[in-house]
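Asks: turn this into a model:
(one chain, ligands or ions: 1)
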Amino acid sequence: VSDGVDRRRFLQGGAAALGGAALALGGRAVWDETRSAAEAAERPDAVGRATEPSDGPRQAGVSTVPQAFATWVALDVLDGVDRAALTRLMRIWTDDIARLTRGRPGLADTEPELATVPARLTVTLGLGPGVFAAADREHLRPAWLAPLPVFSVDRLEDRWSGGDLVLQVCADDELTISHAVRLLTKGARTFVRVRWTQRGFRSSPGSVPPGSTMRNLMGQLDGTVNPVPGADDDIVWHGSEAPAWLVGGTSMVIRRIAMDLDTWDVVDRGGREFTIGRRLDTGAPLTGSREHDVPDLDAVDELGLPVIDPAAHVRRARTGDARERILRRGYNFDDATGTTATDSGLVFVAFQRDVTAQYLPLQRRLDELDLLNRWTTPVGSAVFAVPGGTRTGEHLAQRLLEPGTG
Ligand code: HEM
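Replies: Coordinates of the predicted model:
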């Protein structure tokens with residue numbers, strides 16, 4: 001049965017038409033096993049063959065529905081690499097990214113077989129402060145493109161912080177990512193050196209219903225309240241008010257946040273839900289019953305105490321000021337090796353037009369007061385400008401680097 005026919009039957013006849021495969025349990029739809037199994041049998045490589053476009057007015061990997069896996073590679077520009085050399089690097093990367101995202105080998109690909117599974121690969125380029133100096137474009141560096149101030153909760157380590165450039169490589173298959181990262185960094189050796197690499201994951205495709213909010217390693221649904229692509233584009237994307245290179249661009253903040261899962265483990269369920277202000281099972285606010293219910297910050301219990309604590313994460317992170325909103329697109333990391341010590345947490349990635357106006361007020365509020373701070377510690381921090389996308393024939397950051405700009 002084709003996709004369309006399946007969907008039509010479902011719409012016409014509801015669950016019964018599918019032989020009762022789609023059930024409702026406790027008010028929640030349950031993943032339709034029959035259908036996904038049938039689909040998988042029909043197109044066993046459907047996940048691997050799926051692609052995301054690499055060119056367009058905006059780079060992919062920001063509004064793109066998050067893929068299951070991500071790797072961020074931060075790079076530093078080598079001494080002596082100037083604007084002309086950076087332009088050469090951008091040409092190589094743009095070409096290789098276009099090929100890889102279509103499931104074709106890169107130009108100098110020594111493992112072409114590994115390139116045949118695009119799995120919704122996206123590669124997003126970010127520019128750190130240092131690249132503006134190397135390219136003699138310091139005068140075009142946005143004021144917000146600088147390291148974040150150090151917050152009282154921070155325990156930052158150099159090995160997870162900073163960078164002149166970043167490549168955010170996402171896909172639904174780790175093999176695809178590994179190959180793309182190797183090809184892109186290998187081809188860049190004469191221009192840049194790797195400063196740090198971070199890897200993150202969400203649920204694999206097919207293991208949870210499409211559109212589900214991800215769970216982080218504290219067990220919470222993470223990403224419920226987020227800007228909606230299209231409707232909330234102003235929060236994320238620069239338009240014609242920006243300099244040419246930043247039109248269709250944004251900024252990317254990457255914070256590596258460690259979680260102390262050993263001490264979180266001993267907190268009872270009530271305490272964990274109190275910390276966030278939402279329930280662990282459904283992700284609903286403590287004042288509601290469904291994930292997307294709006295939290296009622298004025299609600300009080302029978303003793304007159306606020307149901308959502310004044311220091312709960314959602315209350316502190318929530319803002320009535322639309323200009324302070326951000327797009328969160330983080331991934332879990334888990335590098336734990338021992339039985340007790342944990343090296344796990346969240347690669348917290350935020351996209352917004354302006355770091356100073358949007359990200360900083362929020363981060364400051366959380367730094368001042370947030371129950372979650374007891375279990376979370378930022379250990380890495382980096383800020384990048386994401387230039388606009390590429391039209392056919394154009395290379396990444398062309399409007400920043402080409403002669404005559406600025
Ligand atoms: C490891 C660290 C963090 C964890 C585990 C975490 C977890 C959560 C959870 C479970 C929610 C509620 C569900 C949702 O709307 O996503 C939430 C909401 C939110 N978080 Fe975090 N968070 C972390 C760090 C941060 C940081 C560093 C920021 C920003 C600087 C932030 C900003 C937000 C925002 C804006 C919301 C939505 C608030 C609303 O409008 O309801 N979070 N977070």
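Asks: show me the helices in the stretch 151-300 of the chain, by range?
Replies: Secondary structure of the stretch 151-300 of the chain, counting by DSSP state H, counting those that start in this stretch: helices at 174-186, 233-236, 261-265, 269-276.
Asks: need those in TSV with mean pLDDT and mean neighbour count, can you?
Replies: In this view, the C-beta of every residue, glycine as well, is placed from N, C-alpha and C. Formatted as TSV, the helices of the stretch 151-300 of the chain follow (pLDDT from 0 to 100; neighbours: other CB atoms under 10 Å):
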stretch	mean pLDDT	mean neighbour count
helix 174-186	98	20
helix 233-236	96	19
helix 261-265	94	14
helix 269-276	98	17
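Asks: out of those helices, nearest to residue 350?
Replies: helix 233-236 (9.8 Å; CB to CB).
Asks: tell me the buried residues in stretch 279-299?
Replies: The neighbour-count check on stretch 279-299 (16 or more other CB atoms under 10 Å) flags 279, 282, 283, 284, 285, 286, 287, 288, 291, 295, 297 as buried.
Asks: contacting residues for the last one?
Replies: Just to be clear, that refers to residue 297. When contacts are counted by CB atoms under 8 Å, 6 or more residues apart in numbering, residue 297 touches 306, 308, 315, 318.
Asks: per-residue confidence at residue 44?
Replies: Note for residue 44: predicted pLDDT of 87.
Asks: cool, residue 12 as well?
Replies: Taking residue 12 on its own, its pLDDT is 37.
Asks: chain neighbours aside, what residue packs nearest to residue 50?
Replies: Nearest-residue entry for residue 50: residue 120, 4.9 Å, with adjacent residues in sequence omitted and distances by CB to CB, 6 or more residues apart in numbering.
Asks: and that neighbour, helix, strand or coil?
Replies: coil (DSSP: H, G, I helix; E, B strand; the rest coil).
Asks: and the pLDDT at it?
Replies: The model's pLDDT for residue 120 equals 98.
Asks: residues contacting residue 276?
Replies: Contacts of residue 276 (CB under 8 Å, 6+ apart): 220, 312, 313, 314, 371, 372.
Asks: so which of the residues you listed wins on neighbours?
Replies: residue 312 (26 neighbours; other CB atoms under 10 Å).
Asks: quick check, residue 283 in contact with residue 213.
Replies: Yes. Applying CB atoms under 8 Å, one finds residue 283 in contact with residue 213, separated by 6.3 Å.
Asks: now do the shared contacts for these two.
Replies: Joint contacts of residue 283 and residue 213 (CB under 8 Å, 6+ apart) are 221, 224, 291.
Asks: okay, these in JSON lines with distance to the ligand and pLDDT next?
Replies: Below are these laid out as JSON lines (distance: CB to the nearest ligand atom, whole Å; pLDDT from 0 to 100):
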{"residue": "221", "distance to the ligand": "6", "pLDDT": "98"}
{"residue": "224", "distance to the ligand": "4", "pLDDT": "98"}
{"residue": "291", "distance to the ligand": "8", "pLDDT": "98"}
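Asks: give me the three-state assignment for residue 70.
Replies: strand.
Asks: next one: the one 5 residues further on
Replies: Three-state secondary structure (criterion: three-state DSSP) places residue 75 in strand.
Asks: could you check how far it is from residue 131?
Replies: 9 Å (CB to CB, to the nearest Å).
Asks: same question, residue 345
Replies: In terms of CB to CB, residue 345 sits 28 Å off from residue 131.
Asks: so residue 269 is in contact with residue 280, correct?
Replies: Yes. Residue 269 is within contact range of residue 280, at 6.4 Å (criterion: CB under 8 Å).
Asks: what parts of the stretch 301-406 of the chain come near the ligand?
Replies: 313, 314, 317, 318, 345, 346, 348, 362, 363, 366, 372, 376 (CB under 6 Å from any ligand atom).
Asks: which phi and psi does the closest residue to the first one other than its chain neighbours have?
Replies: Of all residues not flanking residue 313 in the chain, residue 372 sits nearest, at 4.4 Å (CB to CB, 6+ apart). Main-chain torsions, residue 372, degrees, to the nearest 10: phi -60, psi -20.
Asks: can you get me a residue count around residue 232?
Replies: 15.
Asks: quick check: neighbours shared by residue 75 and residue 131?
Replies: Contacts common to residue 75 and residue 131, judged by CB under 8 Å, 6+ apart, are 164, 165.
Asks: who's more crowded, those two?
Replies: residue 131 (27 against 24).
Asks: element containing that one?
Replies: helix 129-134 (DSSP states H and E).
Asks: what does the chain put close to the ligand?
Replies: Proximity of the chain to the ligand, by CB under 6 Å from any ligand atom, involves residues 216, 218, 220-225, 255, 257, 259, 276, 278, 313-314, 317-318, 345-346, 348, 362-363, 366, 372, 376.
Asks: try it again at 5 Å.
Replies: With the criterion set to CB under 5 Å from any ligand atom, the chain comes near the ligand through 220, 222-225, 257, 276, 314, 317-318, 346, 362-363, 376.
Asks: so which of those residues sit within strands?
Replies: Among those, the residues falling in strands (DSSP state E) are 222, 257, 346, 376.
Asks: now do the contacts for whatever residue of the stretch 51-200 of the chain ends up closest to the ligand.
Replies: Using CB to the nearest ligand atom, the single residue of the stretch 51-200 of the chain nearest to the ligand is residue 153, 9.0 Å away. By CB under 8 Å, 6+ apart, the contact set of residue 153 is 366, 367, 373, 376, 377, 378.
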